[in-house]
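*Asks:* Here is a sequence together with a model predicted from it:
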Amino acid sequence: MPGTSPTAPRGRGDAGSARDRATEAFVAHRNLLFTVAYEMLGSAADAEDVLQETWLRWVGVDLDTVRDERAYLVRIVTRQALTQLRTLDRRKESYVGPWLPEPLLTSPDVAEDVELADSVSMAMLLVMETLQPTERAVFVLREVFDVTYHEIAEAVGKSQATVRQIAHRARAHVAARRPRGTATPAQARGALQAFQRAVETGDLQGLLDRLAPDVVLMGDGGGVRQALPRPVVGAEKVARVLSAGLPRLPVGVTAEPVLVNGWPALIVRFEGEIDNVVTVRLDDGLITGLYVVRNPEKLSRVEHETAMSR
């Protein structure tokens, strides 16, 4: 598939020319397509599978009949992501412990696009987990990528009137659950600096002072690494868990500030190896979500930056 190897396969004559044209269009829009799929799925591995299926369908399209290559590709990737999302939902039913989105190491340009950074943040991806598959597709396409209702209707196989109703319902659903107030990267960095200090020195007070009364602590080990078996809710309970666990971390644990999903985060290493990724949700300046991903299958994308775009 284009984008996964230095060169794309070429054919001969007209067939080769058509394939070259298809490859050029696909590569030009690849980052966008990945971002659409990832926002719908919360899994980079599944998003890559969707891109593979999208390429296989795209390369068979008669491009002379395509008026808007971007819109056509977005339609294919949306349909494939919807199919993959239903498969992923079934996998989550047997997933061991809480499920968190796969964290992605991102470049500063993602953080600079405020709307993109907000839409791919761990907090927003978890909010979108509460939407139905079609609602999530409509919300992502309309609110993040500004796709027209006509194009969305073709992508999800609904009438424009129905899509407008779904979009209205999804917006209201997300608005009721998204973080309160305007969180800033500086606030997130401050919260994570307090966590980093707790990890590296055992001084928890600065972190505990930032916990909101309704804070939720979630850990994702996927049944492979030890993690919290269920979410811990409430400042008092979270404080007890952190106070019991962080001071017992072995010597050699370090926390590195990075950008994950467009927002400040920490990569925690033990003896140089990545152990987990920590991200936060902030409401009115306080930590309401503390998310720790330890599942090694979800940590491969924090060693190298992933390109994303709208």
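*Replies:* Cool, got the structure.
*Asks:* which sections of the protein are below the confidence cut-off?
*Replies:* Applying pLDDT under 70 to the chain picks out residues 3-15.
*Asks:* how about the strands of it, start to end?
*Replies:* 211-220, 232-233, 253-260, 263-270, 273-283, 286-293 (DSSP state E).
*Asks:* Out of the ones you listed, flag the one nearest I76.
*Replies:* Smallest distance to I76 across the strands of the chain (C-beta to C-beta): 28.3 Å, for strand 253-260. (Glycine included, C-beta is placed from N, CA and C.)
*Asks:* any residues touching the closest one, and which ones?
*Replies:* Strand 253-260 is touched from outside by 103-108, 110-111, 122, 189, 192-193, 195-196, 199-200, 264-270, 275, 277-279, 302, with contacts defined as C-beta atoms under 8 Å, 6 or more residues apart in numbering.
*Asks:* now stretch 176-185
*Replies:* Here stretch 176-185 has contacts from 111, 123-124, 127, 130, 263-264, 281-285, 288, using C-beta under 8 Å, 6+ apart.
*Asks:* buried ones in it?
*Replies:* P179, A183 (16 or more other C-beta atoms under 10 Å).
*Asks:* what does stretch 79-86 give?
*Replies:* Here stretch 79-86 shows R79, Q80, A81, L82, Q84, L85 as buried, counting by 16+ other C-beta under 10 Å.
*Asks:* residues in contact with the first one?
*Replies:* R79 makes contact with A155, V156, G157, according to C-beta under 8 Å, 6+ apart.
*Asks:* Buried among those? Need that as a selection in ChimeraX.
*Replies:* The buried residues among the contacts of R79 can be selected in ChimeraX (16+ other C-beta under 10 Å) with this line:
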select :155,156
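*Asks:* Put together a markdown table for the contacts of R79, with distance to S243 on each row.
*Replies:* Shown next, in a markdown table, are these (distance: C-beta to C-beta, whole Å):
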| residue | distance to S243 |
| --- | --- |
| A155 | 49 |
| V156 | 47 |
| G157 | 52 |
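*Asks:* Specify which member of the contacts of R79 is nearest to V96.
*Replies:* Looking across those and measuring by C-beta to C-beta, the closest to V96 is V156, at 31.8 Å.
*Asks:* so who does the residue nearest to D89 when sequence neighbours are not counted touch?
*Replies:* With C-beta to C-beta, 6 or more residues apart in numbering as the criterion, D89 has its nearest non-adjacent residue at 7.4 Å, and that residue is P133. By C-beta under 8 Å, 6+ apart, the contact list for P133 reads L82, L85, R86, D89.
*Asks:* got the buried residues for the longest helix anywhere in the chain?
*Replies:* Longest helix in the chain, counting residues (DSSP state H): helix 13-41. By 16+ other C-beta under 10 Å, the buried positions in helix 13-41 come out as 18-19, 22-23, 25-26, 29-30, 32-41.
*Asks:* For that helix, name the packing helices and strands.
*Replies:* helix 44-58, helix 69-93, helix 114-120 (3 or more C-beta pairs under 8 Å, 6 or more residues apart in numbering; DSSP states H and E).
*Asks:* Go again with 10 Å.
*Replies:* helix 44-58, helix 69-93, helix 114-120, helix 122-128, helix 133-139 (3 or more C-beta pairs under 10 Å, 6 or more residues apart in numbering; DSSP states H and E).
*Asks:* That one versus helix 44-58: what angle between them?
*Replies:* With axes from the mean of the first three to the mean of the last three C-alpha atoms, to 10 degrees defining the directions, helix 13-41 sits at 150 degrees from helix 44-58.
*Asks:* Start the count at 518 instead of 1 going forward.
*Replies:* Sure thing, new numbering starts at 518, so read that last one as helix 530-558.
*Asks:* Helix 530-558 versus helix 586-610: what angle between them?
*Replies:* Using the same axes, to 10 degrees: helix 530-558 against helix 586-610 is 50 degrees.
*Asks:* dump the residue contacts of V750.
*Replies:* Taking C-beta atoms under 10 Å, 6 or more residues apart in numbering, we find V750 in contact with D731, V732, V733, L734, M735.
*Asks:* so which of the contacts of stretch 693-702 comes closest to V591?
*Replies:* Nearest to V591 among the contacts of stretch 693-702, with distances taken as C-beta to C-beta, is M641, at 19.8 Å.
*Asks:* so what's that closest one up against?
*Replies:* Here M641 is in contact with 556, 618, 634-635, 661, 691, 694-696, 778-780, 798 (criterion: C-beta under 10 Å, 6+ apart).
*Asks:* got it, and V657?
*Replies:* 552-557, 595, 598, 636, 645, 648, 664, 669, 687.
*Asks:* V749 too?
*Replies:* V749 touches V732, V733, L734, M735, G736, V755, A756, R757, V758, L759, L807, counting by C-beta under 10 Å, 6+ apart.
*Asks:* rerun that using 6 Å as the cut-off
*Replies:* Contacts for V749 (C-beta atoms under 6 Å, 6 or more residues apart in numbering) come out as L734, V755, V758.
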